[in-house]
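>>> Predicted model, plus sequence, below.
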Amino acid sequence: MALNANALTTLVMAKAYLKIPTVETSMDSMIELFINASSQMLESEIDRKIKAQSITEVHHGRDSNIIMLNEWPVNSITELRIGSDFSDPLTIIDPDDYSIGDEENCIILTNRRFGRGYNNTRIIYNGGYSAVPSDLEHACLWMVFYYRMMRESGDIGRTSKGKGDESISILQEAPLDVKNTIARYRRMEIPNIGLPMSNT
């Protein structure tokens, strides 16, 4: 077992959190499995990529000068193309004609709009956190701890466990700070509204 590219913590940190000596390696593969599962669960709950990576998105033009991107923070824009044929060099937009929004979650055209059209805008950018925020890493570590407890109690592989006539999900049992962390980073749908364009 190896850690996936989207792993939110390291084996060393997880073992320290679980109070497992570094020299004890018999559980390493299982802990890496827990890290991968926890990281994937958090990404699914938050509904966005967490770690920085190259992302390509195609959007519809809606006669607006702003497009909200699916992943954030946006660290840099590699390329912006507008047109019907993204292989045409004429569809490339000069970097001086656009910028990243102040909230680092959108791209803004300076003196033009994304013309109406179906899948007529392609953006290649680097999005996500270059360093995993500490609260998200802690949430991942708590999930690793919880998966280990489930394994020791014979519940590994279950997404919920019964309590009388109730079924309690993992997230319901998570500490409040973990649930609050998920809420802070969770995607919120925001419409692509237009912003006033510069006159310069």
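Perfect, I can see it now.

>>> Just read off the phi/psi values of the spatially most central residue of the chain.
The centre of the chain sits closest to K49, judged by CA atoms, centre = their mean, with a distance of 1.8 Å. Backbone torsions for K49, taken as degrees, to the nearest 10, come to phi -70, psi 140.

>>> Could you pull out the strands in this protein for me?
53-61, 66-68, 74-82, 98-100, 106-109, 117-127, 160-163, 166-169 (DSSP state E).

>>> need those strands in a markdown table with mean pLDDT, mean neighbour count and distance to T22, can you?
Backbone N, C-alpha and C define where each C-beta goes, glycine included. A markdown table is the format used below for the strands of the chain (pLDDT from 0 to 100; neighbours: other CB atoms under 10 Å; distance: least, CB to CB, whole Å):
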| stretch | mean pLDDT | mean neighbour count | distance to T22 |
| --- | --- | --- | --- |
| strand 53-61 | 97 | 14 | 29 |
| strand 66-68 | 96 | 19 | 44 |
| strand 74-82 | 98 | 17 | 33 |
| strand 98-100 | 98 | 17 | 41 |
| strand 106-109 | 97 | 20 | 43 |
| strand 117-127 | 97 | 17 | 33 |
| strand 160-163 | 52 | 12 | 31 |
| strand 166-169 | 52 | 11 | 33 |
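
>>> Let me have those strands in a markdown table, adding distance to E43 as columns.
Shown next, in a markdown table, are the strands of the chain (distance: least, CB to CB, whole Å):
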| stretch | distance to E43 |
| --- | --- |
| strand 53-61 | 12 |
| strand 66-68 | 19 |
| strand 74-82 | 17 |
| strand 98-100 | 22 |
| strand 106-109 | 21 |
| strand 117-127 | 13 |
| strand 160-163 | 20 |
| strand 166-169 | 17 |
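
>>> so which of those strands comes closest to M143?
Taking CB to CB, strand 166-169 is the member of the strands of the chain nearest to M143, at 12.4 Å.

>>> quick one on the thing from earlier: for A5, find the nearest of the strands of the chain.
Using CB to CB, those put strand 53-61 closest to A5, at 7.5 Å.
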